[in-house]
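Trainee: Kindly generate the corresponding structure for this input.
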Amino acid sequence: MRVLRLFTIFPFNTMTFHLFAELSALQIIGLAIAGLFGIALLVLFLVILRFFPLWIQSIMAGAGIGPLDLLGMTFRKVNPEVILRSKIMAVQAGLDDKIITTKSLEAHYLSGGNVPKVIQSMIAASKAKILDLDYKLAAAIDLAGRDVLEAVRTSVYPKVIDCPAPSKGRVTLDGVAKNGIQLKVKVRVTVRTNLRQLIGGATEDTIIARVGEGIISAIGSSETHGQVLENPDRISKAVLARRLDAETAFEIVSIDIADIDVGENIGARLQADQAEADTRVARARAEGRRALAVAAEQENIAKIEESRAKVVEAEAEVPTAIAESIGTGKLGIMDYYRLKNIQSDTEMRGSIARGAIPMKS
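Mentor: Numbers count the residues shown, from 1 in each chain. The predicted model follows:
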């Protein structure tokens, strides 16, 4: 089928065969070279047609990127439009061409970086006279996942952070002075980006946590809540003196007290709770002592009953002992009656004492 198609496209008749037979080997080689040259011209035309607008832009802007550079970017899977646009921005802004080269831009693009944003951040830093930002630092910040352009903007125009953060669900920072009065404080922290510590530095959450800790500590070190209400800036000064922005990506510009309110008397409530706890402990101890007393009383009653049983047992032996004494002559009959009279007299006195009514005065 392929042979038939070739013969359909290039019909070889007898005249054509004779024509090729009459050509010499050199003529055939020449025709092949001419065909290859034509194909090369066609490819060159297509390349020029593809990159001619970009090349014209490079020439007009003085970016110094030639058509071969654009073609090489295509082979390296680099978007030439992004590189050219970024290079033009750098040249028009007057950035150093020796540092921001085409190869460095391609390397950053192949590393997954955002080349236009890096150039825009450097332009913004140059216009704002920020000398701390060079191309290597900007590229490193971008590759670290930080928004380098937003960082430059925050460095130029400081950012205000509410403390505590409203997204955390808390409205105020609550601290208690030494006199037990609670103070509710709202703080606004003004920060600017520290570009040198942006890579690896702590974020806003760390700043909020450190400032909150410093505010609560400053309130707790005050003798009375009145001192804080009279001079609120003593809190901000105490917090600023602690250098809370160390090892963070920000530099604290100022700490301002936005609002301060008086809360509950935490000290009095704690004292009341302590008194209630002491009362419960005292009641528990008294109940323990009462239980011990009841147990001792029951024990004494048992001892009394035991003694009474012994007395009854001893009294039961008395008639036997008297009989033995009378039988042996140790006890006379008169002594026996005298003993009975004393016993009757004792019982009478006891009955009188139990039935006597106390006289009223």
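
Trainee: Scan the protein for its longest helix.
Mentor: For the chain, the helix that runs over the most residues, judged by DSSP state H, is helix 266-328.

Trainee: Could I get the contacting residues of G332?
Mentor: Contact partners of G332, counting by C-beta atoms under 8 Å, 6 or more residues apart in numbering, are I326. (Each C-beta comes from the backbone N, C-alpha and C, glycine too.)

Trainee: Tell me, please, the helix or strand in this protein that averages the lowest pLDDT.
Mentor: Of the helices and strands making up the chain, the lowest-confidence element is helix 2-9, at a mean of 40, by mean pLDDT, DSSP states H and E.

Trainee: thinking P158 is in contact with N194, fair?
Mentor: No - with contact defined as C-beta atoms under 8 Å, P158 does not reach N194; the gap is 11.6 Å.

Trainee: Find residues that contact each of those two.
Mentor: Residues touching both P158 and N194 (C-beta under 8 Å, 6+ apart): none.

Trainee: ok so, going back, how far does the longest helix of the chain sit from the chain's center?
Mentor: A distance of 63 Å separates the centroid of the chain from that of helix 266-328, by C-alpha atoms, centre = their mean, to the nearest Å.

Trainee: what packs against that helix?
Mentor: With contacts taken as 3 or more C-beta pairs under 8 Å, 6 or more residues apart in numbering; DSSP states H and E, helix 266-328 sits against strand 181-193, helix 333-355.

Trainee: and the longest one, which residues are buried?
Mentor: Neighbour-count burial for helix 333-355 flags no residue at all (criterion: 16 or more other C-beta atoms under 10 Å).

Trainee: Also stretch 207-222?
Mentor: 207-208, 210-212, 214-216, 218-219, 222.

Trainee: For it, which outside residues touch it?
Mentor: For stretch 207-222, contacts defined as C-beta under 8 Å, 6+ apart pick out 161, 163-165, 173-178, 183, 185, 187, 189, 191, 225, 228, 234-235, 238-239, 242, 244-245, 248, 250, 252, 255.

Trainee: ok, the residue nearest to D259 when sequence neighbours are not counted - contacts?
Mentor: Nearest non-adjacent residue to D259, counting by C-beta to C-beta, 6 or more residues apart in numbering: K186, 4.2 Å away. By C-beta under 8 Å, 6+ apart, the contact set of K186 is 162-163, 171-173, 257-260.

Trainee: can you rerun that using 6 Å?
Mentor: Shown in contact with K186 (C-beta atoms under 6 Å, 6 or more residues apart in numbering): 172, 258-259.

Trainee: Against I235, how distant is it?
Mentor: 12 Å (C-beta to C-beta, to the nearest Å).

Trainee: mean pLDDT lowest for which of the helices and strands packed on helix 266-328?
Mentor: Mean pLDDT is lowest for helix 333-355 among these, at a mean of 78.

Trainee: and the angle for it with helix 266-328?
Mentor: Angle, helix 333-355 to helix 266-328, by axes from the mean of the first three to the mean of the last three C-alpha atoms, to 10 degrees: 150 degrees.

Trainee: can you dump the C-alpha coordinates of helix 333-355 into PDB?
Mentor: The C-alpha trace of helix 333-355 is given here as PDB (Å, rounded to 0.1, in the frame of the first residue of the first chain):
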ATOM      1  CA  ILE A 333     -25.300 -12.900 164.400                       C
ATOM      2  CA  MET A 334     -25.200  -9.300 165.800                       C
ATOM      3  CA  ASP A 335     -22.600  -8.400 163.200                       C
ATOM      4  CA  TYR A 336     -24.900  -9.800 160.500                       C
ATOM      5  CA  TYR A 337     -27.900  -7.700 161.600                       C
ATOM      6  CA  ARG A 338     -25.700  -4.600 161.900                       C
ATOM      7  CA  LEU A 339     -24.600  -5.200 158.300                       C
ATOM      8  CA  LYS A 340     -28.200  -5.600 157.200                       C
ATOM      9  CA  ASN A 341     -29.200  -2.300 158.900                       C
ATOM     10  CA  ILE A 342     -26.300  -0.500 157.200                       C
ATOM     11  CA  GLN A 343     -27.400  -1.900 153.900                       C
ATOM     12  CA  SER A 344     -31.100  -0.900 154.400                       C
ATOM     13  CA  ASP A 345     -30.000   2.600 155.500                       C
ATOM     14  CA  THR A 346     -27.900   2.900 152.300                       C
ATOM     15  CA  GLU A 347     -30.700   1.800 150.100                       C
ATOM     16  CA  MET A 348     -33.100   4.200 151.800                       C
ATOM     17  CA  ARG A 349     -30.700   7.100 151.300                       C
ATOM     18  CA  GLY A 350     -30.300   6.200 147.700                       C
ATOM     19  CA  SER A 351     -34.000   6.100 147.100                       C
ATOM     20  CA  ILE A 352     -34.500   9.400 148.800                       C
ATOM     21  CA  ALA A 353     -31.800  10.900 146.700                       C
ATOM     22  CA  ARG A 354     -33.300   9.600 143.500                       C
ATOM     23  CA  GLY A 355     -36.800  10.800 144.300                       C
END
